[in-house]
Structures are given as C-alpha cells and as structure tokens.
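Chemist: turn this into a structure:
(2 chains)
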2 protein chains.
Amino acid sequence: MLYIVGLGLADEKDVSVKGLEVIKKAERVYLEAYTAVLLVDQQQLESYYGRPVILADREMVESKSDEILAGADERDVAFLVVGDPFSATTHTDLALRCRQHEPPIQTRTLPNASILTAVGATGLSLYNYGQTVSMVFFTDDWKPSSFYNRIAENVGLGLHTLVLLDIKVKEPDLKAMARGKIIYEPPRFMSVAQCASQMLEVEEEMQQGVCGKQSLAVGVARLGSEDQRIVAGTLEELAEADLGKPLHSLVLCGKKMHEMEWEYVQGFAVDPDKFDRIWKADYAGKG
Amino acid sequence: MLYIVGLGLADEKDVSVKGLEVIKKAERVYLEAYTAVLLVDQQQLESYYGRPVILADREMVESKSDEILAGADERDVAFLVVGDPFSATTHTDLALRCRQHEPPIQTRTLPNASILTAVGATGLSLYNYGQTVSMVFFTDDWKPSSFYNRIAENVGLGLHTLVLLDIKVKEPDLKAMARGKIIYEPPRFMSVAQCASQMLEVEEEMQQGVCGKQSLAVGVARLGSEDQRIVAGTLEELAEADLGKPLHSLVLCGKKMHEMEWEYVQGFAVDPDKFDRIWKADYAGKG
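Modeler: Coordinates of the predicted model:
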C-alpha cells in the first residue's frame, strides 16, 4: 500500500494521529519537498517520528517513481506531502502510476489542512472564492501574465481569488552548471509584497481594472502556526507590507464581499479607515 | 483562549496530534454538531479523548455563545469542528464574538482536512474549481434554485463545481411542536442520487444547458475514510447510483477538464466507454 499522508501546514504536530501511526509503521518514509515546505526542517520531523525520512525532490518523484513504489504492492510505503495530498497534480500523478503498476499498488490518502481552506482565517468566506491562481517569480525577460485572465474571470463574478506564491527549492545554479558543477541556489519564497508588486505591474500593462492600486486584498503568512500573520489593505499598501518569514499567500477580495466578511477582515487592516472607505465606495453591494 | 479545532473528516484519529493535545488539556470541550458530522459518534470521541464532550447544537452556538465562551479569557476552551474550522461562517462568527468580548478572548484555530480539498481524490484539479454551492432538500412547495445561477457562472468559465449536500440534524418535529412537545426528527443526509435528481429537475425548468442528463459529474461518499467511494458518470447515471452511507458530495465537471484529470476520473466511471465518448464530444478542448 502507498499511503499519501498530508502533513498540514506548520510543524511536526500537524499530522493526524492516524497519519502518525502510518509513518511509524511504514517500511520507508518519503517527504515531498519541492511543491511546499513545512515551517520546520527534515531533522525535526525525523526526530519526532523516531525514524529516517527520505527527501523526494522533483526529479525523484517525476522520473524515478519506481524507487518510491518499489515493493509497495506487498509492504507499506508512506509518501508525506505538506498540506493536503491533492494540493498538487504531482500527487494525483503518483496515484495514477500506482493504479497502472503491474501488479497494481493500492493507495490510500490521508487528507489534512491545506492553504486552500486555512485561508478561511481571513474571514473571507470559502464559498465566495473563484479559481485559485499561482504567481511565479518574474525575471527581466519572463513575466507570465496568464494569472491575470483567471483573476479577471473571478473579478467579473465578484469572487475572491487565492493567489499561491512561488517557491524555489533546490533549483540548480545555471552558471555553475555551465562550468560542469552541480550547485543549488539557496531556497527562495515569494513574499506578499512582491506578489502585490507583480500584480500591479501587470495591471499597469493590461489596464482592465482587475488588480489596481486601490483593490482590496489580504496577505497571510505562516497560516496555522502560532505566529501566523494576516494583513489587509489595498494592493498598494500590501506591496509595502512586511509579513516576515515564509510561507506567504495573498487573497484578492471580490466585490461580492459580504458585510459579515468585511466586519471580520477589517480587523486586520493596515489602515482601517481607508479600508472601510474603499469597501463602502467600491465593494458593498457591488457584487 | 478559545481553540477552534478541526477534526478532519472520518473518525476520532483524524484530529492532528496538536489538536489532541489541546483537547486533553482544555477545561471544557464542545463539539459543533449541526453543520457537519463525523462518521463516528460522540461516545467514541469521548472514549478516545478520555473526557466528556458537550454537544453544541445550532441554538447553543448562535444564541448561547456566552456559555461556550465563559471563562475563556483566563482558561482554555476547545470548540471542535468537523472538517476545517472555517468550513462554515458560523465559526468565523464565533471568532468575531471573541474579538468583541469584554475582556477580549484570544482565539487560535487548528486547521484540518476539509471536503473542499479532500475532493481532490476524484482527480479533478483543485485549481479548476469555481465557487462552491450548497444543495438543500427540496420540498413540495420549496425548491430554491439559486444554486443554479452560481453553477451557471462556473460552467460559463469551464470550471468544476463542488456541491455540498444538505444535512438535517436535530430538526424539531413541527407537528409534535404544535401539540406542545419537543421531539426531534431523525437525522437526514442528502445522497448523491437525490442531489443529481434535484439538479436535473431544475435544469428541466431553466433549460440553460447547465446541468442536464448528459453532464459529467462525480459523486463521492465518506471521503477520507477506509470505505470511501467515488463514482463518475452522467447526472442521469448518478441519479440512479447508490453510494451507501453518508456523507455524500457531488462535483459537476467543467468543460476545461484536462486530459490528465480525465485519465484519473474515468477510472471511477459507471460506464467508462460512455464517459469517454461524452468527454471527447463535449468536454475535451471545449474549455
């Protein structure tokens, strides 16, 4: 059996009791470590579980899944995923390979918290979200703006948009590679401020009024942990906000934002008066 | 401190390790028992936690929250919620009351699995969902069709729709009430088949091609538990499908359904050939 075990969002104790039992009994334990990260490191997990954890990077999961699945038709293997097991298509793909394996490998997934629902901590109702979008790090010559059209669709319906922010873990250093060396760049995590800036940059170009300086949004950091932070404001304000250590995400508020949502979220505002003024002028009853 | 603790979806062992520690130490433990239910009963939870659990029904949470919050500015109270703490606006409302309490009560939420992400087990990507809708039990003279417009918005964008199905727990028996007695009706849980039938009934009336007999959909039951079931087919097929015991949910597939999603979901089809035929004719590349 391949167990795909969600670890939740913050630390080693966010795993479910059932998940922990599986981890303690499995023959091998893998940790998927490139689509998301916990706020604690591998060593802390190993010491809590009392057993070794094999780090599974993108290459292993995508090209060497046979290693992970070896013997799983007869014995138990645990594949640990930060957040919920189905938070990335990678994990659906792994389950599909189990189904097509000869002999087939049974899979069982143990769900857990995901940023997709933990973001409810902002007070914005989970029923008023449209599609989720991803924001990648812009470079000088690569500024993909496909997120803009998806956000525009949500905005058109008055819905909130959760924007998931890029992380770069174990990216090869291309200059070193050219010299025949394999060196990895230090990990990078996009901040709420950078995401807001990139959104404003694309709005500047597209000019459709989808995510401008006065659009209301909420930045979140380290959700589910003891030092989680939530900051609400205009995109212009959030582009200057410092929410501290990773992981960050951003929610762009939809025009349908209900009075009850507003009442809760304004408690997190950088400038509550301004937040209220914009909500009343541009949002309330405009959905 | 008020801890709002997510319990996950299936049984007593889906709570996180951290959540279990909170439950064992809190002065009082409440279980919200009307917006969702676990697949095990209160007694099983109490025996696992080794302590009493107070059932909080709608009346207590909405009208007598002072009872729940009593003393929580100085001591720890745990409020347990099936799924994720923010899966219902009720819980945001409780957190808001803590903030407005005199003196203010600190709150901390412990996220957990929710049907909103566990539904990823169908293979339909969580990034391709639009807004979530609720389906209530129709009666002879009350058939609210507001869900239809929300689904139509998702369909217009080619997105999937998660439909959450009504549950009736501790509903007063109105006839008995008229005779001065307080008797509660037995709990009722909507099935995938009933939901599909109600969708077809409203489509029949509205005629906008939003959720017709040949629309592809996926029914899920008891997600996250060992006997979870997933069945894919047309709404007409699902209206005849029996997925067994509660809880059930339904996903209406969007036209943007990607080939990789289709490959996974067709493994659950009632009639795989028919499913493929309809996908190729009406879905593939039509998003």
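Chemist: just the helices in the stretch 151-287 of chain A please.
Modeler: A:174-178, A:192-206, A:235-238, A:259-265, A:272-278 (DSSP state H, counting those that start in this stretch).
Chemist: out of the ones you listed, which is closest to residue B:76?
Modeler: helix A:259-265 (22.5 Å; CB to CB). Where you see a C-beta, it was placed from the backbone N, CA and C, and this is true even at glycine.
Chemist: tell me which residues in that closest one are buried?
Modeler: Neighbour-count burial for helix A:259-265, with 16 or more other CB atoms under 10 Å in any protein chain shown as criterion, is recorded at A:261-262, A:264-265.
Chemist: from residue A:127, how far out is the residue in the stretch 101-250 of chain A that chain B sits nearest to?
Modeler: Residue nearest to chain B within the stretch 101-250 of chain A: residue A:120 (2.5 Å; CB to the nearest CB). According to CB to CB, to the nearest Å, residue A:120 stands 10 Å off from residue A:127.
Chemist: okay, those two: which has more neighbours?
Modeler: Neighbours were counted for residue A:120 and for residue A:127 using other CB atoms under 10 Å in any protein chain shown; residue A:120 has more, 25 against 20.
Chemist: residue contacts, that one?
Modeler: Residues near residue A:120 by CB atoms under 8 Å, 6 or more residues apart in numbering or on different chains: A:126, B:84-87, B:92.
Chemist: about what we covered before: so which of the buried residues of helix A:259-265 also contact chain B?
Modeler: residue A:264 (CB under 8 Å from any CB of the partner chain).
Chemist: what pairs with residue A:167 across the strands?
Modeler: residue A:189 (DSSP bridges).
Chemist: then residue A:250?
Modeler: Note on residue A:250: beta-bridge partners by DSSP bridges are residue A:163, residue A:219.
Chemist: that one: how many residues sit nearby?
Modeler: Residue A:250, neighbours per other CB under 10 Å, totals 29.
Chemist: cool, and residue A:64?
Modeler: 12.
Chemist: mind listing what it touches?
Modeler: The contact partners of residue A:64, by CB under 8 Å, 6+ apart, come to none.
Chemist: per-residue pLDDT, the residue of the stretch 101-250 of chain A closest to chain B?
Modeler: Looking at residue A:120, its pLDDT stands at 95.
Chemist: check residue A:166 too.
Modeler: Residue A:166 carries a pLDDT score of 95 in this model.
Chemist: got it, and residue A:287?
Modeler: Looking at residue A:287, its pLDDT is 63.
Chemist: next: residue A:154.
Modeler: pLDDT at residue A:154 comes out at 98.
Chemist: show me what contacts it?
Modeler: A:129-131, A:160-161, A:252, A:254 are the contacts of residue A:154 under CB under 8 Å, 6+ apart.
Chemist: which bits of the stretch 101-250 of chain A sit near chain B?
Modeler: Counting by CB under 8 Å from any CB, the stretch 101-250 of chain A comes close to chain B at A:108-114, A:116-118, A:120-121, A:123, A:125-134, A:153, A:157, A:159, A:223-224, A:226.
Chemist: show me the domain layout of chain A.
Modeler: What the TED database lists as the domains of chain A is A:2-113, A:116-283.
Chemist: using PDB, write out the CA atom coordinates for the lowest-mean-pLDDT helix or strand in chain A.
Modeler: Scoring the helices and strands of chain A by mean pLDDT, DSSP states H and E places helix A:174-178 at the bottom, with a mean of 84. Presented in PDB, the C-alpha positions along helix A:174-178 are these (Å, rounded to 0.1, in the frame of the first residue of the first chain):
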ATOM      1  CA  LEU A 174      22.800  27.600 -14.100                       C
ATOM      2  CA  LYS A 175      26.100  29.400 -14.100                       C
ATOM      3  CA  ALA A 176      27.800  26.700 -12.000                       C
ATOM      4  CA  MET A 177      26.200  24.000 -14.200                       C
ATOM      5  CA  ALA A 178      27.800  25.600 -17.300                       C
END
